[in-house]
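**Q** heads up, no residue letters with this:
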């Protein structure tokens, strides 16, 4: 069923939508507050999205969905997840076991217990070949494999070798790392700046 109406600016369990003719119709079971000028809605156990005007962005067809962040929203069909953009277009097919919201223009994704990163277009910028990863912090990403960690930037360029036994997210331009018993700090170029020996 297609709807064409204006959205009443209320967010409650019984949100209503008004047709231009003046008919009130309880269309959705729940409407979430606007995020990036788009609201998440649920109807019959399925998720969709509407614009601030009340126009339907996507019909409620998804099994799971998140609010928009950086112009993208996570959506799931069955047990697979992908992304739509703020035009309602599926820019990343629901093919991953899990996806994380975009942060610093990249999103972490996992498939078959392997982690990697994609960009807004769904292109892989860091291959799904790591045992563990962390979302971007100050434009830098931590990935781990076989007990060792390294840093990549959000363009997919590796900044450090896979040498750290522990690695922490960047904060105020530096990150704490550990090799064996030595703990020190590196800058965004991967160079030691504190605690160096």
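**A** Perfect, I can see it now. The model shown is predicted, which means the values in this text are computed figures rather than measured ones.

**Q** count of neighbours near residue 197?
**A** By other C-beta atoms under 10 Å, the residues close to residue 197 number 5. Any C-beta I mention is one placed from the backbone N, CA and C, and that applies to glycine too.

**Q** cool, residue 194 as well?
**A** Considering only other C-beta under 10 Å, residue 194 is surrounded by 11 other residues.

**Q** what number of residues lie near the residue lying closest to it once chain neighbours are set aside?
**A** Closest residue in space to residue 194, ignoring its immediate chain neighbours: residue 185 at 3.9 Å, by C-beta to C-beta, 6 or more residues apart in numbering. Counted with other C-beta under 10 Å, the neighbours of residue 185 add up to 17.

**Q** Just give the number of residues close to residue 165.
**A** Other residues close to residue 165 by other C-beta under 10 Å number 15.

**Q** next one: residue 143
**A** For residue 143, the neighbour count with other C-beta under 10 Å is 24.

**Q** Residue 103 now?
**A** Neighbour tally, residue 103, other C-beta under 10 Å: 16.

**Q** could you list every residue that touches it?
**A** 69-70, 135-136 (C-beta atoms under 8 Å, 6 or more residues apart in numbering).

**Q** Mind doing that once more with 6 Å?
**A** 135-136 (C-beta atoms under 6 Å, 6 or more residues apart in numbering).

**Q** And the one 5 residues further on, by the same measure?
**A** In this structure, residue 108 makes contact with 100, 117, 133, 135, judged by C-beta under 6 Å, 6+ apart.

**Q** Any idea what residue 167 is bridged to?
**A** On the basis of DSSP bridges, residue 167 is bridged to residue 177.

**Q** could I get the contacts of residue 108 as JSON lines with neighbour count, pLDDT and distance to residue 192?
**A** Shown next, in JSON lines, are the contacts of residue 108 (neighbours: other C-beta atoms under 10 Å; pLDDT from 0 to 100; distance: C-beta to C-beta, whole Å):
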{"residue": "100", "neighbour count": "21", "pLDDT": "97", "distance to residue 192": "30"}
{"residue": "117", "neighbour count": "25", "pLDDT": "98", "distance to residue 192": "25"}
{"residue": "133", "neighbour count": "23", "pLDDT": "97", "distance to residue 192": "23"}
{"residue": "135", "neighbour count": "16", "pLDDT": "92", "distance to residue 192": "24"}
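
**Q** in this structure, which residue is closest to the centre?
**A** residue 101 (1.0 Å; C-alpha atoms, centre = their mean).

**Q** tell me the SS of it?
**A** coil (DSSP: H, G, I helix; E, B strand; the rest coil).
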